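1. give me a model of this one.
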Amino acid sequence: MDNDLIYNTFLFCSNKKFIISVVQSNDLKTIYEEKKFLDSQSESLELNKLDIFLNDNIYKIEKKIDSFIKDIYLILEIEDFNTIQISIKNNNENIFSSSSLAYSLNEAKELCFKASNDEKIIHMIIDNYQIDKKNYSKLPKNIKCNNFSLDLRFICLPNLLVKNLEKILRKYQISIKKILNNRYIESLFEDDNKNLYQKAKEVTEGFNENEVKLQKKTNKNQGFFERFFNYFN
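-> Take a look at the predicted model:
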């Protein structure tokens, strides 16, 4: 069996500490964990120290699990995140459903890119649905409407930072499976005693039903909506 199906690797990074952890996929039991506390006055990641930290730990992990680490969940708590808020309004004149959202979601995504084309979208969240001037916190089912609007929030990171992080991990033949904003994760689990890795895993698996899960384009014969979003499925 592929060890990627047995273990998940998480890397937490802030300007104060690095933590790398390997947990079992089925029960999130920790197999390996190492922390490095930093004496830093910088608000940004010290990438050279991150590289040293990884160099000290990757081989130890791979020896322990008897397999290479192929990808990693990267959890960041840094000031480099930027939040962009966008509202989109469209006419509908039909039953409002998930398929009604495809065009609007992509339109909002393109507006976000235009607002800041040097940033990568990390999280895309629908904060509010307004259908015929009535607000909904969740997507209503089988409701007719003449028009609707969406209030969306994009949590973004500078492309240069993402590329630098990818470059460091490539030295160890590791790709980034998903980048997550730690403050966003914690906002979803207030007063919850789950550990960080449980929370992060649940977020990646759709814990917040209002988060649009962005998908990379594939060569499969998929529809436009499926190709860009794995949402409401």
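2. what residues are bridge-paired with Asp71?
-> Asp71 has the following beta-bridge partners by DSSP bridges: Ser175.
3. got the buried residues for the lengthiest helix in the chain?
-> The helix of greatest length in the chain, counted in residues with DSSP state H as the criterion, is given as helix 47-65. Buried residues in helix 47-65, defined by neighbour count with 16 or more other C-beta atoms under 10 Å: Leu50, Phe53, Leu54, Asn57, Ile58, Ile61, Glu62, Ile65. (Glycine included, C-beta is placed from N, CA and C.)
4. same for it, what does it pack against?
-> The elements that helix 47-65 packs onto, with contact taken as 3 or more C-beta pairs under 8 Å, 6 or more residues apart in numbering; DSSP states H and E, are strand 7-14, strand 17-24, strand 30-37, helix 159-170.
5. again, only using 7 Å
-> Here helix 47-65 touches strand 17-24, strand 30-37, helix 159-170, going by 3 or more C-beta pairs under 7 Å, 6 or more residues apart in numbering; DSSP states H and E.
6. returning to that earlier point: out of the buried residues of helix 47-65, which is nearest to Ile185?
-> Comparing these against Ile185 with C-beta to C-beta picks out Leu50 as the nearest, at 19.7 Å.
7. centroid-nearest residue for the protein?
-> Residue closest to the mean C-alpha point of the chain, counted by C-alpha atoms, centre = their mean, is Leu180 at 4.1 Å.
8. can you tell me which of the helices and strands packed on helix 47-65 is nearest to Phe96?
-> When the helices and strands packed on helix 47-65 are ranked by proximity to Phe96, the top entry is helix 159-170, at 34.6 Å, counting by C-beta to C-beta.
9. angle of the closest one against helix 47-65?
-> Between the direction of helix 159-170 and that of helix 47-65, the angle (axes from the mean of the first three to the mean of the last three C-alpha atoms, to 10 degrees) works out to 40 degrees.
10. how far off strand 7-14 does helix 159-170 point, in degrees?
-> In this structure, helix 159-170 runs at an angle of 130 degrees to strand 7-14, with the same axes, to 10 degrees as the basis.
11. just the C-alpha atoms of helix 159-170, please, in CSV.
-> As requested, C-alpha coordinates have been extracted for helix 159-170 and formatted as CSV (Å, rounded to 0.1, in the frame of the first residue of the first chain):
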residue,chain,number,x,y,z
ASN,A,159,3.0,34.4,-5.4
LEU,A,160,6.7,35.0,-4.7
LEU,A,161,6.4,33.6,-1.2
VAL,A,162,4.5,30.5,-2.4
LYS,A,163,7.2,29.9,-5.1
ASN,A,164,10.0,30.3,-2.6
LEU,A,165,8.3,27.7,-0.3
GLU,A,166,7.8,25.4,-3.2
LYS,A,167,11.4,25.8,-4.1
ILE,A,168,12.6,24.8,-0.7
LEU,A,169,10.4,21.7,-0.5
ARG,A,170,11.5,20.7,-4.0
